[in-house]
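Visitor: Compute the structure for the input listed below.
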Amino acid sequence: MSDAGQGIGRRGVLAAGGAAAAVGLTACGSSGSSTTSSSAEGAGAGAGGTSVKTADVPVGGGVIEAGAKIVVTQPTEGTFKAFSAVCTHQHCLVSGVTSTINCSCHNSQFSLTDGSPVAGPARTPLPSKTVTVSGDTLTVS
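Guide: Below you'll find the model as predicted:
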């Protein structure tokens, strides 16, 4: 029987499904609405790493330096940790920090203390970075 007169045929359904898949893949690979701290003074591994002011990192939370692809946390007062901001599940940039480091691509959540996955599809911890404290400045490398 012909598809004519019966609405969308098989080809139309397949084309629509392909377009939806392309949109989903595009969203998965984007950094979305990553939170960025304005306190970065340098980026990358070049000139000694990225600097963040200690006052910009809330106790029990953290900040994302999207340009340097790092997240800096302060799980307890005076204890600073840093991790890659690239989710280990599908390589999206993490999107926010609450009581966990959060990736909105697939809802993975990571520990502020050690970067280990605590929820979602991610199974591998965020790689840790070195944090050096000098006065009111944190340098991450």
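Visitor: from here on, contacts and neighbour counts on C-alpha atoms
Guide: Will do.
Visitor: quick one: contacts for residue 69?
Guide: Listed by C-alpha atoms under 8 Å, 6 or more residues apart in numbering, the contact set of residue 69 reads 84-86, 93.
Visitor: Mind pulling up the pLDDT for it?
Guide: Looking at residue 69, its pLDDT is 97.
Visitor: re the thing from before, in PyMOL, select just the buried ones from the contacts of residue 69.
Guide: PyMOL command restricting these to the buried ones, with burial defined by 16 or more other C-alpha atoms under 10 Å:
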select buried, resi 84+85+86+93
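Visitor: Please name the bridge partners of the closest residue to residue 102 other than its chain neighbours.
Guide: Nearest non-adjacent residue to residue 102, counting by C-alpha to C-alpha, 6 or more residues apart in numbering: residue 109, 4.6 Å away. Note on residue 109: beta-bridge partners by DSSP bridges are residue 102, residue 119.
Visitor: Please shift the residue numbers so they start at 48 in all later answers.
Guide: Sure, I'll start counting at 48 from here, so that last one is residue 156.
Visitor: who touches residue 156 in this structure?
Guide: Going by C-alpha under 8 Å, 6+ apart, residue 156 touches 147-150, 164-167, 169.
Visitor: List the contacts of the closest residue in space to residue 157 that isn't next to it in sequence.
Guide: Distance criterion C-alpha to C-alpha, 6+ apart; nearest residue to residue 157, sequence neighbours excluded, is residue 164 at 4.3 Å. Contact partners of residue 164, counting by C-alpha under 8 Å, 6+ apart, are 155-158, 170-173.
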